[in-house]
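Enquirer: Coordinates for the following, if possible.
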Amino acid sequence: MEDLSTLLLQLKDEFSRHLVFGVGILLMGSFFLGRAAEKFNLPAITGFILAGLLLGPSMLGLVHRDLDATLASITEIALALIALVIGSEFSLVKLRAIGKPVVIITLFQLFITFIAVTALLVVAGMHLALAAILGAIASATAPAATVAVIRDLKARGPFVDHLLGIVALDDAGCLILFSTIAAVASNSLGGSASLSNAIFHAVLEIVSSLLIGAVTGFLLYVLTRNRRRTNEMLIISLSLVLVLSAVSNTFHLSALISSMTAGMVMANLSRKTYRIVGALDSLSPPLYAAFFAIAGAELDLRVLTSPSVLLMGGIFVTARAVGKMSGVYLGAGLAGSDPLIRKYLGLGMLPQAGVAIGLVLFLDTIPYFAANHDITSSMINIVLFSVLVNELVGPPLSKLAVTKGAKLE
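Expert: Numbering: from 1, shown residues only. Coordinates of the predicted model:
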């Protein structure tokens with residue numbers, strides 16, 4: 001019996017270090033726990049995260065910690081596609097249709113959330129640069145849960161139009177804010193001569209990212225405009241997105257900004273953008289399932305039980321909620337929006353998932369954070385703690401907001 005146990009442990013150790021096995025077991029676990037989560041009226045991504053936690057190093061250990069660096073490539077690919085899709089939503093036609101009030105509310109809730117989370121984390125003892133990065137991540141809102149609630153309730157009207165517009169703009173604003181803060185912070189933490197030097201490098205990084213993204217977006221347009229076959233569009237667009245991400249990371253540029261810019265340029269040059277996005281969507285289910293499961297595998301239960309992480313996580317969640325709701329309230333008041341929008345729309349901004357997880361995992365691609373994994377691990381656990389809380393309480397609060405503020409069929 002002892003020999004059998006030893007053999008099983010050896011097999012487990014052998015398989016857990018195998019990349020293909022790791023991805024396969026994460027996808028399988030994501031499927032079953034995702035379905036289980038939906039039966040309890042929770043988002044499937046909650047199940048995906050729990051699958052990664054269960055199968056990862058903190059619990060069963062079927063996915064070895066040594067695979068972290070390799071699995072990070074999946075995160076990189078998923079983030080590049082997410083950023084491209086977000087950018088593709090910002091054609092000039094859509095921006096004009098969104099309207100000034102939506103832009104005002106978005107900016108208010110984005111920056112108030114950033115300031116609130118950053119300030120309170122600094123007061124609690126966190127380094128300013130790290131607190132600012134978490135503050136930028138806190139500004140992200142997960143559109144999936146909110147859209148699902150709106151569809152289930154068959155809601156319509158100005159409240160819904162405002163909510164959808166703000167959620168879409170919010171993710172784009174979050175990517176820009178995070179990329180800017182991360183660039184300044186990494187240069188500052190990495191020992192740059194001065195803050196002005198760090199800011200100079202950050203501006204250079206962002207401008208270069210915009211340029212390389214614009215060129216890629218133009219190439220996407222040129223190479224796909226006369227293509228009719230979906231598989232050809234998929235091959236071309238995926239290859240360009242992957243090359244863009246690799247080049248951006250190699251030269252320490254922002255892969256997020258470059259991918260989002262590529263999507264934006266493509267959307268304003270081509271009417272076939274929806275076909276490219278549709279083609280890439282065929283890759284989304286397994287890729288995103290693996291993406292969230294990897295995030296769960298990164299969750300270190302030993303760190304999560306640390307009083308300091310729980311304290312910072314609690315501050316993060318609370319400050320974010322206050323920032324989102326007060327930002328919407330103040331922005332809607334300044335924009336002269338309907339009282340129902342001012343009163344209830346903030347509740348619909350609380351869900352948090354994909355973009356936030358992706359941004360904190362993205363830190364592993366930045367040299368300073370890759371070399372200081374203890375810092376990165378703590379930040380990942382704070383964000384994952386927030387995601388777990390907000391994915392549990394966010395959807396019910398979004399449902400309450402839409403029920404109170406929108407017209408239901």
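
Enquirer: Excluding sequence neighbours, find me the nearest residue to residue 178.
Expert: For residue 178, ignoring the flanking residues on the chain, the nearest one in space by CB to CB, 6 or more residues apart in numbering is residue 136 at 4.1 Å. Bear in mind the C-beta positions are built from the backbone N, C-alpha and C, glycine included.

Enquirer: Surely the one you found touches residue 113?
Expert: No - taking CB atoms under 8 Å as the definition, residue 136 is not a contact partner of residue 113, at 9.3 Å.

Enquirer: Who has more neighbours out of those two?
Expert: Here residue 136 and residue 113 are compared on neighbour count by other CB atoms under 10 Å; more neighbours surround residue 113, at 30 against 27.

Enquirer: So which bits of whichever helix or strand the more buried one is part of are buried?
Expert: When elements are defined using DSSP states H and E, residue 113 is found to belong to helix 100-123. Neighbour-count burial for helix 100-123, with 16 or more other CB atoms under 10 Å as criterion, is recorded at 101-122.

Enquirer: got the contact list for that helix?
Expert: The set of residues external to helix 100-123 that reach it, using CB atoms under 8 Å, 6 or more residues apart in numbering, is 128, 130-132, 134-136, 138-139, 162, 165-166, 169-170, 173-174, 177, 312, 315-316, 318-320, 322-324, 326-328, 330-332, 334-337, 345-346, 349.

Enquirer: Just the CA atoms of that helix, as PDB, please.
Expert: Below are the C-alpha coordinates for helix 100-123, written out as PDB (Å, rounded to 0.1, in the frame of the first residue of the first chain):
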ATOM      1  CA  LYS A 100     -21.300  63.700 -23.000                       C
ATOM      2  CA  PRO A 101     -23.000  62.600 -19.700                       C
ATOM      3  CA  VAL A 102     -21.700  59.100 -20.100                       C
ATOM      4  CA  VAL A 103     -18.100  60.400 -20.500                       C
ATOM      5  CA  ILE A 104     -18.400  62.700 -17.500                       C
ATOM      6  CA  ILE A 105     -19.800  59.900 -15.200                       C
ATOM      7  CA  THR A 106     -17.100  57.500 -16.500                       C
ATOM      8  CA  LEU A 107     -14.200  59.900 -15.700                       C
ATOM      9  CA  PHE A 108     -15.600  60.800 -12.300                       C
ATOM     10  CA  GLN A 109     -16.100  57.200 -11.100                       C
ATOM     11  CA  LEU A 110     -12.700  56.100 -12.600                       C
ATOM     12  CA  PHE A 111     -10.600  58.800 -10.900                       C
ATOM     13  CA  ILE A 112     -12.400  58.900  -7.600                       C
ATOM     14  CA  THR A 113     -12.100  55.100  -7.300                       C
ATOM     15  CA  PHE A 114      -8.400  55.400  -8.200                       C
ATOM     16  CA  ILE A 115      -7.800  58.100  -5.600                       C
ATOM     17  CA  ALA A 116      -9.800  56.500  -2.900                       C
ATOM     18  CA  VAL A 117      -8.200  53.100  -3.100                       C
ATOM     19  CA  THR A 118      -4.700  54.500  -3.500                       C
ATOM     20  CA  ALA A 119      -5.000  57.000  -0.600                       C
ATOM     21  CA  LEU A 120      -6.500  54.400   1.900                       C
ATOM     22  CA  LEU A 121      -3.900  51.800   1.000                       C
ATOM     23  CA  VAL A 122      -1.100  54.300   1.600                       C
ATOM     24  CA  VAL A 123      -2.600  55.300   4.900                       C
END
